[in-house]
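J.: need coordinates for the below:
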Amino acid sequence: MDREHFQSRLGFLLVSAGCAVGIGNVWKFPYVTGQNGGGVFVLFYLLFLVLMGVPVLTMELAVGRASRKSAVAGYRALEPAGSRWHLHGWFCVAGCCLLMMYYTTVSGWMLGYFFKFAGGVFDTLEGAAVNGVFDAMRASPGEMTAWMAITVLAGFLVCSFKLQSGLERITKWMMLGLLALIAVLAVHSLTLPGGLEGVKFYLLPDLGRSMDAGIGNVITAAMNQAFFTLSLGIAAMEVFGSYMKRDHTLTSEAVRICSLDTFVALTAGLIIFPACFSFGVEPDAGPSLIFYTLPKVFLGMAGGRLWGALFFLFMSFASFSTVIAVFENLQANAIDNFGWSRKKAAVINCVFILLASMPCVLGNNLWSGVRILGRDVLDFEDFLVSNLLLPLGSLVYLLFCVTKWGWGWDKYLAEANAGKGIKMPRGLKPVFQFVLPVLVLVILIQGLLP
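T.: Residues are numbered from 1 along each chain as shown. Okay, here's the model as predicted:
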């Protein structure tokens, strides 16, 4: 059976960027930037994106494009006879499942908030009552299950159609909508009184603030952010390589994907920082910023209901683009490894993810007392994916592509440089063999330390 392929290069770039653009880099990136001295952090982040993000992304895409297969079958097609690299493919599948076991819940929160803002739930609320909306949603197993199930069912519905008519068509429109929304929201934030102070705090390099945060902390935070933003290491990107044509070099495509991902992350900061500064709010961390602080900021604006609804529509697009990209990975693995049809793979995967997502849903309410290694269910699942499977998986891809025991440097380089565009220099081999593995190991060890 012929491998499906993307209809257009734009489709490939938008789907791949959609996989990379997730809730994490939209709400985490601005906050981590502010915490680590603004512009100085951004400069280090961009540096590590070029040093680490682009090379490892080309490797994952190269394995996919050369093999025309998803994780397990891709390794099998390229590994030396008698070796066991393909076992990592099963860890990639497990990683994609684990990621979706909590990501679908968070994606459901975004969707729920869009409908709440659009429906006027917040119109008469202020102060603690605004916080109460999120607390009430998390405390309700029924509502949490409903939003999660809508996300899962919609995701697998899209993936049940052929690649071009399902994933590519829907993601293309969704990503274009996301880019239009983010531009409108950023322009609006920049016109708020006092908003420019937020931009200065966010983007102007301030060595004093970086020194306060500790320059070592700033560098490691930038390295972490550059690495995690692309979701490398669980074959989430490899499957899109397997659908690619060989017209362009993988370095060119990796640079474009990284640029789009970074543009969205940077622009998210241009929405959040000016708005927070304009209303005298400290840009706080994590979920509290999105669900407690920003709704109050929107309610203080003229037309707050509209701006709040648009923001959470943008967040829904950002999260859903990742959901359907990872679902496509699960689809491709089921088709490649078990010979299932696309429809059968969609039904079985859908039922599995619906059931597997329930512990995270219940971990917010009925099972809120459950702790694993001191973490609640969502945090524990996120810890396994972010701190263990992503860095460890990236290390495996690296070693597979640069050592003689794996696919090997020459074969990787030939695949990466096929087509027109930026070529990966042959002289970088020592950097890939010795420097990059050490940097990934640093991230891995750092993430596992308490």
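J.: contacts and neighbour counts: CA atoms only from here.
T.: Fine.
J.: for residue 80, helix, strand, or coil?
T.: coil (DSSP: H, G, I helix; E, B strand; the rest coil).
J.: for this protein, which spans come out with low pLDDT?
T.: Filtered on pLDDT under 70, the chain yields the residue ranges 1-2, 283-287.
J.: and the longest helix for it?
T.: Looking across the chain with DSSP state H, the single longest helix is helix 304-338.
J.: the very next helix or strand once past that one to helix 304-338, inter-axis angle?
T.: Sequence order places helix 342-356 as the next helix or strand after helix 304-338, per DSSP states H and E. If you take axes from the mean of the first three to the mean of the last three C-alpha atoms, to 10 degrees, helix 342-356 sits at 120 degrees to helix 304-338.
J.: which other helices and strands does helix 342-356 contact?
T.: helix 87-118, helix 141-160, helix 304-338 (3 or more C-alpha pairs under 8 Å, 6 or more residues apart in numbering; DSSP states H and E).
J.: minimum distance to residue 400: which of those has it?
T.: helix 87-118 (10.5 Å; C-alpha to C-alpha).
J.: centre of the chain to the closest one, how far?
T.: With C-alpha atoms, centre = their mean, to the nearest Å as the basis, helix 87-118 stands 10 Å off its chain's centre.
J.: how about that helix: buried residues?
T.: Residues of helix 87-118 classed as buried by neighbour count (16 or more other C-alpha atoms under 10 Å): 88-89, 91-114, 116-118.
J.: list every C-alpha atom in the following helix or strand past that helix, with coordinates, as PDB.
T.: Counting by DSSP H and E, the next helix or strand C-terminal to helix 87-118 is helix 128-139. The C-alpha coordinates for helix 128-139 follow below in PDB (Å, rounded to 0.1, in the frame of the first residue of the first chain):
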ATOM      1  CA  ALA A 128     -12.900  35.600  44.000                       C
ATOM      2  CA  ALA A 129     -16.000  34.600  42.100                       C
ATOM      3  CA  VAL A 130     -13.900  34.600  38.900                       C
ATOM      4  CA  ASN A 131     -11.500  32.000  40.500                       C
ATOM      5  CA  GLY A 132     -14.500  30.000  41.500                       C
ATOM      6  CA  VAL A 133     -15.500  29.200  37.900                       C
ATOM      7  CA  PHE A 134     -12.300  27.200  37.400                       C
ATOM      8  CA  ASP A 135     -12.500  25.600  40.800                       C
ATOM      9  CA  ALA A 136     -16.100  24.500  40.200                       C
ATOM     10  CA  MET A 137     -15.200  23.100  36.800                       C
ATOM     11  CA  ARG A 138     -12.300  21.000  38.200                       C
ATOM     12  CA  ALA A 139     -14.500  19.800  41.100                       C
END
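J.: ok, and what's touching helix 128-139?
T.: 122, 143-144, 291-292, 295-296, 364-366 (C-alpha atoms under 8 Å, 6 or more residues apart in numbering).
J.: how big is the angle separating it from helix 141-160?
T.: Going by the same axes, to 10 degrees, helix 128-139 makes 70 degrees with helix 141-160.
J.: report the angle between helix 128-139 and helix 87-118.
T.: Using the same axes, to 10 degrees, helix 128-139 lies at 140 degrees relative to helix 87-118.
J.: what sits closest to residue 97 if chain neighbours are left out?
T.: Leaving aside its chain neighbours, residue 97 sits nearest to residue 353 (7.2 Å; criterion: C-alpha to C-alpha, 6 or more residues apart in numbering).
J.: and for the one you found, the neighbour number?
T.: 21 (other C-alpha atoms under 10 Å).
J.: that one contacts residue 155, correct?
T.: No. Using C-alpha atoms under 8 Å as the test, residue 353 is too far from residue 155 to be in contact (10.8 Å).
J.: follow-up on the earlier one: mark which of the contacts of helix 128-139 are buried, thanks.
T.: Applying 16+ other C-alpha under 10 Å to the contacts of helix 128-139 flags 122, 143-144, 291-292, 295-296, 364-365 as buried.
J.: save those as TSV, and put in distance to residue 161 too.
T.: Below are those laid out as TSV (distance: C-alpha to C-alpha, whole Å):
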residue	distance to residue 161
122	37
143	28
144	27
291	34
292	38
295	36
296	40
364	33
365	35
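J.: and those, which is closest to residue 348?
T.: Using C-alpha to C-alpha, these come closest to residue 348 at residue 144, 22.0 Å.
J.: that closest one contacts residue 105, correct?
T.: Yes. The criterion here is C-alpha under 8 Å, and residue 144 meets it with residue 105 at 7.2 Å.
J.: find residues that contact each of the two.
T.: In contact with both residue 144 and residue 105: residue 361, using C-alpha under 8 Å, 6+ apart.
J.: ok, back up a step: what's the longest helix of the chain packed up against?
T.: Checking 3+ C-alpha pairs under 8 Å, 6+ apart, helix 304-338 ends up next to helix 9-20, helix 23, helix 71-78, helix 87-118, helix 141-160, helix 169-190, helix 294-300, helix 342-356.
J.: let's see 6 Å
T.: helix 9-20, helix 87-118 (3 or more C-alpha pairs under 6 Å, 6 or more residues apart in numbering; DSSP states H and E).
J.: count the residues that sit near residue 244.
T.: 24.
J.: doesn't it lie inside a helix?
T.: No. Assigned with three-state DSSP, residue 244 falls outside any helix and is coil.
J.: return the backbone torsion pair for it.
T.: phi -80, psi 150 (degrees, to the nearest 10).
J.: lovely, talk soon.
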